[in-house]
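Engineer: For reference, the sequence and a predicted model appear below.
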Amino acid sequence: MSLRRLLILAGVLLIVFLGMYSWNQSTHTLDDLSTDIGLEIGGNILEPVRSLQDTLGSFWTNYVDLVAVREENEALKAHVATLESRLLATSEDLAELKRLRMLLQIPVDKGVKTLGARVLSGQIGPNAVLESITINRGYATGGRPGTPLVSGRGLIGRVLRASAHSASVLLITDPSSNIAVYTQKSRAMGIMRGNGPNKPLLLDFVPRDEGVMMGELIVTSGLDGWYPKGLPVAKIVSVEPSNFTEFLAITAEPLVDLQHIEEVLLLEQTGSPPEVEENQAQPSQFVGPPRPTGRK
C-alpha cells in the first residue's frame, strides 16, 4: 500500500473518531453502553464467585456447629450413662432394703438372737449330694452347726457344717431334712420332709381324720429341738388319702424361693445348741411323729 493511501486511511479514521467522540460527548451513548457491558460481565463473573464463597462459608459454619453438637451429644451420653448406673445402684439398694425389712418382720422367740448373713454361693454342681447354700458366717461369727436360717418369707434350713467364717446350710428341700411342724388352722402335727430340688415338700404322719385343707400355712412346732416354734415353712398344695398308710398324703410348696436367696437371718439360740455331726444331714432319722424332746 502506498503512502498516500495510508495517509488517506489515517485521516478517515481520525475524522470518524473525532465524530464519534463529539457524538458521545453530547449523547453519552458509548459511555452508557460500555458501562452496561462492564456491569454485565462483572456481574456474571462475581455471581458464581459469591455463590461459591457463600457455600464454603455455610459449609464451614455447619461443620463447626456439627462438631459442637457432636461434642455436646457425647457429653450428654456420658451423663446419661452415669445417671443410669446411679439409678441401677439405687434400685439395687432399694431392693436390698426391702428384703432386709422383710427379714426383720419374721416372728422369733425372745430367747433367739438374730444375725444377718449373705449367701456366697448356691448348690455347687448339678450332681451335688446335698441341697445346700454357703453363707458368710461360721462358728466364730454366729453360724454354728444347727443354727436355723430364715428369709423374709419363711424358713430356709439350718447350718450343717461350719468353718470359722463360712458355713454350709442344709435347705428344707433336701431329702435328709426333717422338720417337726403343724398346720396353722387345723393344728395337725407332722414331719415336713424334703423331696429334692424343684419338687414339692412332703408332710408325713398326719392322720386321715385331721381336717387339713389346701392353702393352709405350715409352721414349725419346735418339738424337734432344731427350729423355734412358729416359723412359716410352706403352704399346702394337695391333700389326699395315702394308698399305703393310715396317714394323709400331703404336699406343700416352700414359701421361700430357694433358688434366689441373697440375704438370710440366722436364729442363734441363747442356750446350748444341739450337737451335730458333720457327716450327718439330720439329728436323727424320724420314723413317726416328733418326740417331745427331739434332741439326740
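Structural biologist: On my side now, so go ahead.

Engineer: Which parts of the stretch 151-296 of the chain are helices?
Structural biologist: Counting by DSSP state H, counting those that start in this stretch, the stretch 151-296 of the chain has no helices to list.

Engineer: quick one: low-confidence ranges for it?
Structural biologist: For the stretch 151-296 of the chain, applying pLDDT under 70 flags the ranges 270-296.

Engineer: again, only this time at 50
Structural biologist: For the stretch 151-296 of the chain, the stretches with pLDDT under 50 are 273, 276-296.

Engineer: How about the stretch 1-150 of the chain?
Structural biologist: In the stretch 1-150 of the chain, residues with pLDDT under 50: 125-127.

Engineer: same thing but at 80, please
Structural biologist: 1-68, 83-112, 122-130 (pLDDT under 80).

Engineer: That one: helices as residue ranges?
Structural biologist: 3-27, 29-104.

Engineer: Compare those helices and give me the one nearest T114.
Structural biologist: helix 29-104 (8.0 Å; CB to CB). In this view, the C-beta of every residue, glycine as well, is placed from N, C-alpha and C.

Engineer: With distance to P200 and mean neighbour count added, can I get the helices of the stretch 1-150 of the chain in TSV?
Structural biologist: What follows is these, written out as TSV (distance: least, CB to CB, whole Å; neighbours: other CB atoms under 10 Å):
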stretch	distance to P200	mean neighbour count
helix 3-27	119	10
helix 29-104	23	10
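
Engineer: now those in CSV, with distance to L120?
Structural biologist: Output for these, formatted as CSV (distance: least, CB to CB, whole Å):
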stretch, distance to L120
helix 3-27, 109
helix 29-104, 16
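
Engineer: so which of those gets nearest T245?
Structural biologist: Of all the helices of the stretch 1-150 of the chain, helix 29-104 comes closest under CB to CB, at 37.5 Å.

Engineer: Apart from its neighbours in sequence, what residue is nearest T141?
Structural biologist: Residue nearest to T141 in three dimensions, not counting chain neighbours: H165, with 5.8 Å by CB to CB, 6 or more residues apart in numbering.

Engineer: Next one: P48 from G57, what distance?
Structural biologist: Using CB to CB, to the nearest Å, we find P48 at a distance of 15 Å from G57.

Engineer: re earlier: doesn't N136 make contact with the residue nearest to T141?
Structural biologist: Yes: counting by CB atoms under 8 Å, H165 does reach N136; the two are 6.9 Å apart.

Engineer: is it true that G222 touches V233?
Structural biologist: No: G222 is beyond contact range of V233, at 12.0 Å (criterion: CB under 8 Å).

Engineer: which one of those two has more residues nearby?
Structural biologist: V233 (23 against 18; other CB atoms under 10 Å).

Engineer: right, and the more buried one touches I156 too?
Structural biologist: No: assessed by CB under 8 Å, V233 is found out of contact with I156, at 9.7 Å.

Engineer: give the contact list for V233.
Structural biologist: Taking CB atoms under 8 Å, 6 or more residues apart in numbering as the criterion, V233 is in contact with 154-155, 172, 179, 181, 192, 201, 218-220, 252, 254-255.

Engineer: now with 7 Å?
Structural biologist: G154, L155, I172, I179, V181, M192, I218, V219, T220, L255 (CB atoms under 7 Å, 6 or more residues apart in numbering).

Engineer: Over to S34?
Structural biologist: Per CB under 7 Å, 6+ apart, neighbours of S34: none.

Engineer: any idea how far L266 is from it?
Structural biologist: Distance, S34 to L266, using CB to CB: 109 Å.

Engineer: Can you give me the buried ones in stretch 164-173?
Structural biologist: S166, A167, S168, V169, L170, L171, I172, T173 (16 or more other CB atoms under 10 Å).

Engineer: Among the residues you listed, which one lies nearest to H79?
Structural biologist: S166 (41.2 Å).

Engineer: what's the nearest residue to the closest one if we skip its chain neighbours?
Structural biologist: G138 (5.2 Å).

Engineer: tally of neighbours for that neighbour?
Structural biologist: Neighbours of G138 (other CB under 10 Å): 19.

Engineer: again, but for M214
Structural biologist: M214, neighbours per other CB under 10 Å, totals 12.

Engineer: Would you check that it makes contact with E240?
Structural biologist: No: with contact defined as CB atoms under 7 Å, M214 and E240 do not form a contacting pair (10.3 Å).

Engineer: about what we covered before: overlap in contacts, V233 and I156.
Structural biologist: With CB under 7 Å, 6+ apart as the test, V233 and I156 both reach I172.
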